[in-house]
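1. following is a predicted model, sequence given first.
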Amino acid sequence: MDAFDALVERFLGSLGSKSPRTYTTYATGLARYRDYLLSTRRLEGWQPSQLDPHALEDFLVWLVRRHGRGRRATVATYSSAVPAFVRYVARRGLLAHGVTYEQMRENVREVMGRGSYKSPRIDRRLPLIVQHVLGQPVPSAEQRGGARRLEVLRDRALILTLFCTGMRREEASRLNRLDIEDGHADRALISGKGDKERIVFFDAPTQEALQHYIAARADSLQPVFLRHDNHRGPAAGHGGERWRLGPQSVWGVVKHHAQAVGVPASTHHFRHAKASVLLNRDASLSEVQDILGHASPDTTKRIYAHYKVEHLRDAFDRYSASAEELVAELPAARVRHQPQAGRDGEHPQP
């Protein structure tokens, strides 16, 4: 094992307090960084002291060249692991003298600032998905031993939760009954991205849907959203963990109902829609930041600021003018000297 792989293994081993998703993202990103070192002939004999102030910047440029400027999300995912790795190296005093992590981050910020974030596109028909799940008849308890009935009630509660709160799919997947008091609480303290805690709020329809689903289950299993298919296995595991609906399955539920109504949407579209509604109804960026759980207000502003547009439409309607109105404002002498149309309604050629 070379020096790079050994140090990466130690770094990944230090992530015990991080979520499995964070571990996977970092492992994938560092594998990409290894490809970069290999392709630039820097892997053999690599030492952390070889990291210079432009190390992060150079890797970012390499990623953009490989994946293209339009794949900013992909580039951001791959590049997110390396700053954490470099910070780990810096804390252990392994960087060369005079090279700092802060210096590297500043260099890469300048490069990233040259691009523009592509604002998310939100289909205005998204609420049709909510109406669709609310309009589905609840099957009888005899269908598939009651499993089909529970699936319908679960999907209704899940879609309403995502639409109401703007939660991420991982956050919805991790919800426990204690968090929401079996649907009777109008808010919940959740652990979001980066294990940062925040409050999410439920409206009355969402609370009612959660209450009906949990009551229909008639169990004491802790996950709010469970699998009810035939492949979940016979044993629920401790507290029901083996039957917990995973993040990918949450995504699948949304895609299933989105396709049913012909709306291209995924779980994150509910999150974008929540932000745009809040902003267009005069919520501040800082309020939206707290509701959605963004670590920085810059993130909220970069992604969603374009959606606060209703006041721009008002200004457009108030102050715009038609061509006829503008012609009417011209001095009479200017109007008299305009070319006259020909007999066939065409203007003469100059």
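-> Cool, got the structure.
2. is it true that Gly239 touches Leu178?
-> No: Gly239 is beyond contact range of Leu178, at 10.4 Å (criterion: C-beta atoms under 8 Å). From N, CA and C alone the C-beta is placed, and that goes for glycine too.
3. what's the overlap in contacts for these two?
-> Shared contacts of Gly239 and Leu178, defined by C-beta atoms under 8 Å, 6 or more residues apart in numbering, comprise Gln222.
4. neighbour count winner among those two?
-> When neighbours are counted by other C-beta atoms under 10 Å, Gly239 and Leu178 differ, and Gly239 comes out ahead with 14 against 11.
5. hey, where'd the helices end up in the stretch 201-350 of the chain?
-> Applying DSSP state H, counting those that start in this stretch to the stretch 201-350 of the chain gives helices spanning 204-217, 247-260, 267-280, 285-292, 297-304, 310-319, 323-328, 332-336.
6. among the ones you listed, which is the most enclosed?
-> Among the helices of the stretch 201-350 of the chain, ranked by average contacts under mean count of other C-beta atoms under 10 Å, first place goes to helix 267-280 (a mean of 21).
7. point out where the stretch 201-350 of the chain drops to low pLDDT.
-> Low-confidence segments of the stretch 201-350 of the chain (pLDDT under 70): 296-299, 301-312, 333-350.
8. show me what contacts the nearest residue to Asp203 once chain neighbours are set aside?
-> What sits nearest to Asp203 in space, not counting adjacent residues and going by C-beta to C-beta, 6 or more residues apart in numbering, is Cys164, at 5.3 Å. The contact partners of Cys164, taken as C-beta under 8 Å, 6+ apart, are 201-203, 205-206, 274.
9. among those residues, which pair sits farthest apart?
-> Comparing every pair within these by C-beta to C-beta identifies Pro205 and Lys274 as the most remote, at 14.8 Å.
10. I figured Val224 hits Glu181, correct?
-> No: contact between Val224 and Glu181 fails when scored by C-beta under 8 Å: they sit 10.9 Å apart.
11. who has more neighbours, the two?
-> Neighbour tally, Val224 and Glu181, criterion other C-beta under 10 Å: the higher count belongs to Val224, 26 against 14.
12. residues contacting that one?
-> Residues in contact with Val224 (C-beta under 8 Å, 6+ apart) are 157, 172, 175-177, 179-180, 210, 214.
13. change it to 6 Å
-> 175, 177 (C-beta atoms under 6 Å, 6 or more residues apart in numbering).
14. what distance do you get for it to Ala55?
-> In this structure, Val224 and Ala55 are 43 Å apart, going by C-beta to C-beta, to the nearest Å.
15. what do you get for Ala323?
-> Separation of Ala323 from Ala55 (C-beta to C-beta): 57 Å.
16. how many residues are close by the nearest residue to Ala260 once chain neighbours are set aside?
-> Closest residue in space to Ala260, ignoring its immediate chain neighbours: His132 at 6.0 Å, by C-beta to C-beta, 6+ apart. By other C-beta under 10 Å, the residues close to His132 number 17.
17. then Asn107?
-> Neighbour number of Asn107 under other C-beta under 10 Å is 18.
18. I'd like the numbering to begin with 4 instead of 1 from here.
-> Okay, residue one is now 4; in that scheme the one you just asked about reads as Asn110.
19. that one contacts Glu60, correct?
-> Yes: because the distance of 4.6 Å satisfies C-beta atoms under 6 Å, Asn110 is recorded as touching Glu60.
20. picking that back up, out of the helices of the stretch 204-353 of the chain, which comes closest to Tyr29?
-> Each of the helices of the stretch 204-353 of the chain was scored for nearness to Tyr29 using C-beta to C-beta, and the closest is helix 250-263 (17.1 Å).
21. and that closest one, what other elements does it pack with?
-> In this structure, helix 250-263 makes packing contacts with helix 130-138, helix 172-177, judged by 3 or more C-beta pairs under 6 Å, 6 or more residues apart in numbering; DSSP states H and E.
22. and those helices: which comes nearest Gln262?
-> If you check each of those against Gln262 by C-beta to C-beta, helix 130-138 wins as the nearest, at 9.7 Å.
23. following element in sequence after the closest one, please.
-> The first helix or strand that comes after helix 130-138 along the chain, using DSSP states H and E, is helix 150-168.
24. what comes up buried for that next one?
-> With burial defined by 16 or more other C-beta atoms under 10 Å, the residues of helix 150-168 counted as buried are 151-168.
25. same thing with stretch 135-143?
-> Residues of stretch 135-143 classed as buried: 135-136, 142 (neighbour count, 16+ other C-beta under 10 Å).
26. ok, those vs Ala30, which is closest?
-> For the buried residues of stretch 135-143, the minimum distance to Ala30 (C-beta to C-beta) is 35.9 Å, reached by Val136.
27. kindly provide the distance from that closest one to Pro130.
-> Separation of Val136 from Pro130 (C-beta to C-beta) stands at 11 Å.
28. got a list of contacts for stretch 235-242?
-> Taking C-beta under 6 Å, 6+ apart as the criterion, the residues outside stretch 235-242 that touch it are 224-225, 245-246.
29. let me know the closest of the residues you listed to Asn233.
-> Distance ranking of those against Asn233, using C-beta to C-beta, places Trp246 first at 12.3 Å.
30. contacts only, for that closest one.
-> By C-beta under 6 Å, 6+ apart, the contact list for Trp246 reads 229-230, 235, 239.
31. repeat that for 10 Å
-> Remark: with contacts taken as C-beta atoms under 10 Å, 6 or more residues apart in numbering, Trp246 is in contact with 222, 224, 226, 228-232, 235-236, 238-240.
32. against Gly71, how distant is the residue nearest to Asp206?
-> Using C-beta to C-beta, we find Cys167 at a distance of 36 Å from Gly71.
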